[in-house]
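**Q** my questions concern the predicted model and sequence given below.
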Protein chains: 2
Amino acid sequence: MDLRRLRYFVTVAEELHFGRAARRLNISQPPLSQQIRKLEDEVGAQLFVRMGRQVTLSDAGEAFLGRAYLVIREYEAAMEAARQAEKGATGTLEIAYIPPADLHALPLLVSKFQKAFPSVNVVLRSMHGLSIPHAIQSGRVKVGVVRLPLEYPGLETLSVVRERLSVVVPESHGFARRRQVKFSELAGQRLIGFPRSLAPAYYDVIAGLCKSHGGFVYAPSQEVETIQTALSLVSAGLGVSIQPRSIEALCRKGLRPAPISDSPACAAIGVAYPVGARQAVLDNFLSIARSIAR
Amino acid sequence: MDLRRLRYFVTVAEELHFGRAARRLNISQPPLSQQIRKLEDEVGAQLFVRMGRQVTLSDAGEAFLGRAYLVIREYEAAMEAARQAEKGATGTLEIAYIPPADLHALPLLVSKFQKAFPSVNVVLRSMHGLSIPHAIQSGRVKVGVVRLPLEYPGLETLSVVRERLSVVVPESHGFARRRQVKFSELAGQRLIGFPRSLAPAYYDVIAGLCKSHGGFVYAPSQEVETIQTALSLVSAGLGVSIQPRSIEALCRKGLRPAPISDSPACAAIGVAYPVGARQAVLDNFLSIARSIAR
DNA sequence: CTCCGTGATATGAAAAACGTATCGATGGAC
DNA sequence: GTCCATCGATACGTTTTTCATATCACGGAG
């Protein structure tokens, strides 16, 4: 399908001379005449007026010519659009992300990506961390921004930002004026945390640190699903909460974050994507993610 | 050129299943796979993702699909436009006309034609009667509105309106209050007329009537090219002028038209067109002209 | 009238598209 | 795990389409 007849027609219409047109098209004249005749049959109208040795566009041909140019241009634009999409320079990138990602990781990723690929349409979908893997594998989104580590068959991950931990306490708390605290000091505190099912691996990292560095069993006395709720409960004096250090930006009046000095950079957020996905938009997004991770 | 591959692609994209698509297209499955592959080669991008038994549109295919619909629609619109143009329902009709035609004949023709064929673009070109035949045969205009009779090789004519004659006199003239005059009374009057070369046959008709009915030789003492000039000269008292009866509409203050009672309907205006022209717009225009001529 | 240029026609060769048969891979049933 | 059904890809021979060479038919110029 190469729009051959249309190109033949356009050339003849431009030359108004079958011989010259045939030379321009690198074919001989008889097949050109045949193809024009077939085109006329298909269209159902006589496109040229052959009077003697004079060839003219008929009214129908005149009307057809302008449209023919449009068809050819549209077709070439379609091919070009497909090539651009294959290079990942255009198209749509659906990103599923967990709410806490919009503090740091998500704005970083999206702004840098959009600067590099301004023609890509980015669609952001806030989702529960649990449903993101399935959304990726079903193709509803191309990539997820999730809490790491994440183990899921068929998915690979790439760490983007890693943070150490802080403990958020109310203003009246003993830690409120401390420059830093240690895990061991958290023993006995009422802890406000998230259900393990929300991010099992991340939960286990925190629990492991409490055990190894603090010597106590991580057992939140309140389980909440969002950071905002956790902070509200802290503010109300129901306990303290272990959070990534970037939580400071969210600490409104009455809340104080205290860095945990012996915390490794364990609160990681990264991207998750299908193994062996051959999608250029995704590849481009991943290279942006890698450049941020350094 | 039937956009075959494009239609194949669209069908597969709609079905996302080569077998079903092949059945819908009334071909077998292998050639369909081949054509899709060739299309992918030509476009330069993989349009479908074949993973196992699952067929999906790739990003490139997604981008291509929308444009492909446009191409197909544009192409069909082009064919339809050509057919419409061939039927004469659309296109352009260039009309050359002599200035006196815009009194009666031209508005009649154009308004009725445009009512019947509103999509045709009518272009009106005022020209000297002498240059109209050449304009028609060279194709610069499709039809002419001219003074009849007209003899010209390669042209046919069709009478549209026929009028009897009046003589236009100044208010102070002796004929000014007459209900009608006869050719014989025009003998001895100073006559204002047009050069014979402007419309030889029409000139000869008038001259013949003067001779046969009036018994004198038609010999204008002033020759002018336009009706307006003739009327101005009459108004200035330089003479009287023989004109078609519809001249009454142009008689401003100081001018009086007097019908010539023994004039036949000899001032004819009609359309001139190439013999054997097979142009539908022209045919449509001619049938309108015939319906006006009754 | 003859000759040259032009588009249409005839015919055989090359290329493209198609159909039948078959392979290979994948997913589900047992 | 094995078997079976499904689906797309491949192989190959046939049909259709397209092309090139040769030739014809027509019209205008000398």
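**A** On my side now, so go ahead.

**Q** and chain A, which residues reach DNA strand C?
**A** By C-beta under 7 Å from any atom of the strand, the residues of chain A that approach DNA strand C are A:1, A:17-19, A:29-30, A:33-34, A:36-37, A:50, A:53, A:55. Every residue, glycine included, has its C-beta placed from N, CA and C.

**Q** and which of those residues is nearest residue A:197?
**A** Closest approach between those and residue A:197, by C-beta to C-beta: residue A:1, at 52.9 Å.

**Q** can you pull the pLDDT of the closest one?
**A** For residue A:1, the pLDDT comes out at 55.

**Q** same question, residue A:187
**A** On pLDDT, residue A:187 comes in at 86.

**Q** in contact with it: list those residues for me.
**A** Going by C-beta atoms under 8 Å, 6 or more residues apart in numbering or on different chains, residue A:187 touches A:214, A:215, A:216.

**Q** do the same with residue A:162
**A** A:265, A:266, A:267, A:268.

**Q** next: residue A:116.
**A** By C-beta under 8 Å, 6+ apart, the residues touching residue A:116 are A:284, A:288.

**Q** the residue nearest to residue A:88 when sequence neighbours are not counted and DNA strand D, how far apart?
**A** Nearest non-adjacent residue to residue A:88, counting by C-beta to C-beta, 6 or more residues apart in numbering or on different chains: residue A:280, 3.0 Å away. Per C-beta to the nearest atom of the strand, to the nearest Å, residue A:280 is found 20 Å from DNA strand D.

**Q** does residue A:55 belong to a helix or a strand, and which?
**A** According to DSSP states H and E, residue A:55 maps onto strand A:54-57.

**Q** so which bits of that strand are buried?
**A** Going by neighbour count (16 or more other C-beta atoms under 10 Å in any protein chain shown), the buried part of strand A:54-57 is A:55, A:57.

**Q** about what we covered before: just the contacts of residue A:162: which are in strands?
**A** Among the contacts of residue A:162, the ones falling in strands (DSSP state E) are A:267, A:268.

**Q** which one of the contacts of residue A:162 sits closest to residue B:199?
**A** Residue B:199 has its nearest neighbour among those in residue A:268, at 96.7 Å by C-beta to C-beta.

**Q** give me every residue that touches that closest one.
**A** Applying C-beta under 8 Å, 6+ apart, we find residue A:268 in contact with A:147, A:148, A:149, A:159, A:160, A:161, A:162, A:163.

**Q** what is the burial count for the second one?
**A** When counting by other C-beta atoms under 10 Å in any protein chain shown, one arrives at 22 neighbours for residue A:148.

**Q** try residue A:41
**A** Residues near residue A:41, counting by other C-beta under 10 Å: 10.

**Q** quick one: the strands in chain A?
**A** Using DSSP E, strands in chain A cover A:48-51, A:54-57, A:91-97, A:120-126, A:143-148, A:155-163, A:165-170, A:192-193, A:222-223, A:241-244, A:255-259, A:267-274.

**Q** how about the ones you listed in CSV, adding mean pLDDT and distance to residue A:288?
**A** Shown next, in CSV, are those (pLDDT from 0 to 100; distance: least, C-beta to C-beta, whole Å):
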stretch, mean pLDDT, distance to residue A:288
strand A:48-51, 89, 55
strand A:54-57, 90, 53
strand A:91-97, 92, 11
strand A:120-126, 93, 11
strand A:143-148, 92, 11
strand A:155-163, 90, 9
strand A:165-170, 91, 27
strand A:192-193, 93, 32
strand A:222-223, 90, 35
strand A:241-244, 92, 22
strand A:255-259, 89, 29
strand A:267-274, 91, 9
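
**Q** looking at the ones you listed, which is nearest to residue B:24?
**A** Of all the strands of chain A, strand A:91-97 sits nearest to residue B:24, with 27.5 Å by C-beta to C-beta.

**Q** about what we covered before: a markdown table for the strands of chain A, including distance to residue A:179?
**A** Below are those laid out as a markdown table (distance: least, C-beta to C-beta, whole Å):
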| stretch | distance to residue A:179 |
| --- | --- |
| strand A:48-51 | 89 |
| strand A:54-57 | 86 |
| strand A:91-97 | 33 |
| strand A:120-126 | 35 |
| strand A:143-148 | 27 |
| strand A:155-163 | 18 |
| strand A:165-170 | 12 |
| strand A:192-193 | 22 |
| strand A:222-223 | 27 |
| strand A:241-244 | 17 |
| strand A:255-259 | 8 |
| strand A:267-274 | 20 |
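
**Q** any chance of the ones you listed in a markdown table with distance to DNA strand D as columns?
**A** A markdown table is the format used below for those (distance: least, C-beta to the nearest atom of the strand, whole Å):
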| stretch | distance to DNA strand D |
| --- | --- |
| strand A:48-51 | 8 |
| strand A:54-57 | 8 |
| strand A:91-97 | 22 |
| strand A:120-126 | 27 |
| strand A:143-148 | 26 |
| strand A:155-163 | 23 |
| strand A:165-170 | 44 |
| strand A:192-193 | 41 |
| strand A:222-223 | 40 |
| strand A:241-244 | 43 |
| strand A:255-259 | 51 |
| strand A:267-274 | 20 |
